[in-house]
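S.K.: Mind folding the following:
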Amino acid sequence: MDIISKLTVIIPIYNEEAVIPAVLPAMMSFCQMHGYNMVLVNDGSRDNSLKLISILAEGHDSIRIVSHKLNRGYGGALKSGILASNTDYSIFVDSDGQHKMEDVLNLHKRIIEEDADMIVGSRKGQRGIWYRELGKTIIRSIARILMKVPIYDINSGMKIFRTELAKNYIHLYPDSMAFSDIICLVFLHKRYLVLEEPITIEERKGGTSTIGIHTAVNTVHEILNIVTLFNPMKIFFPLSCVCVILGMIWGAFIAFQGKGLSVGSSFLIISGIILFCIGLIAEQVSQLRLK
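M.R.: Here you go, the predicted model:
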């Protein structure tokens, strides 16, 4: 299969005026050399980012600029990039210079060779700031508790995927930084072939990262939302069982003492039954939404 002109490189840009001159020209040259298309998404930048990318992209038919009047968030920018892509495959690359373009070529070759639907650029083994690594570990652990996740680095920003598949479920992706995790979980839940390939992460060429504690909290929230949508019983059934079991233990302990029926145990058992019923209703609602 000829890989020329079969890939679109999607780059979200938000207030990257200081980085664009040092990073974007090399990216553009690389894509032009390999016949790749580019979609540059200006996500409501308040600096001169839009002006700079417009100048650099002038005269390049393979480069498309999508500009948001207001900032929609990292996920919102990537969703616009997906919708603007018209090639078989698309890949996300950050605009801060952390991703190496040689990895784009490697991921593109592998997704074709393996006939995969998504390949995640894995940063496993590369050390970052300790509190970010801790946050990533917590997020991965929560995701694996709630659903089967064979991928280590689900929140990696570099992912290559079949464009048409990503478009099919674009309404499920959040506009926030949690986008990276959710698009991976959606592909996994839909039983598409998702693989991992090591990539190299370099230091930012400039600018400041906006990732913080709020990002981790939002990501956990979005993971809970998507799991509730796909498999509500994964959440409601364990909660129901815990309430019923605790209620029965509590009730048995009180009854053996000859104190009759415990109000607290009855409350727990009834709560467990209610949670189970809510889970059944949520299953029906989720099926309707997914259709």
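S.K.: show me where pLDDT drops low in the chain?
M.R.: 1-5, 125-147, 204-213, 215-216, 290-291 (pLDDT under 70).
S.K.: name the helices or strands packed onto the lengthiest helix in it?
M.R.: Scanning the chain for the longest helix, with DSSP state H as the assignment, gives helix 263-290. Applying 3 or more CB pairs under 8 Å, 6 or more residues apart in numbering; DSSP states H and E, we find helix 263-290 packed against helix 213-230, helix 233-256. In this view, the C-beta of every residue, glycine as well, is placed from N, C-alpha and C.
S.K.: what's the closest of the ones you listed to G73?
M.R.: Evaluated over those, closeness to G73 peaks at helix 213-230, with 9.8 Å, by CB to CB.
S.K.: Show me what counts as buried in that closest one.
M.R.: Judged by neighbour count (16 or more other CB atoms under 10 Å), helix 213-230 contains these buried residues: 215-216, 219-220, 222-223, 226-230.
S.K.: Could I get the residues you listed in TSV, plus columns for distance to H189?
M.R.: TSV is the format used below for the buried residues of helix 213-230 (distance: CB to CB, whole Å):
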residue	distance to H189
T215	22
A216	21
T219	16
V220	17
E222	14
I223	12
I226	8
V227	9
T228	12
L229	9
F230	5
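S.K.: Out of the residues you listed, which is nearest to V263?
M.R.: Minimum separation from V263 among the buried residues of helix 213-230 (CB to CB) is found for T228, which lies at 30.5 Å.
S.K.: quick one: that closest one and R289 touch, right?
M.R.: No. Contact between T228 and R289 fails when scored by CB atoms under 8 Å: they sit 10.5 Å apart.
S.K.: re earlier: select, from the buried residues of helix 213-230, the two members most distant in space.
M.R.: Longest span within the buried residues of helix 213-230, CB to CB: T215 and F230, 22.3 Å.
S.K.: So the nearest residue to M158 once chain neighbours are set aside, which state does it fall into?
M.R.: Once flanking residues are discounted, M158 sits nearest to G121: 3.4 Å by CB to CB, 6 or more residues apart in numbering. Using DSSP: H, G, I helix; E, B strand; the rest coil, the secondary structure recorded for G121 is strand.
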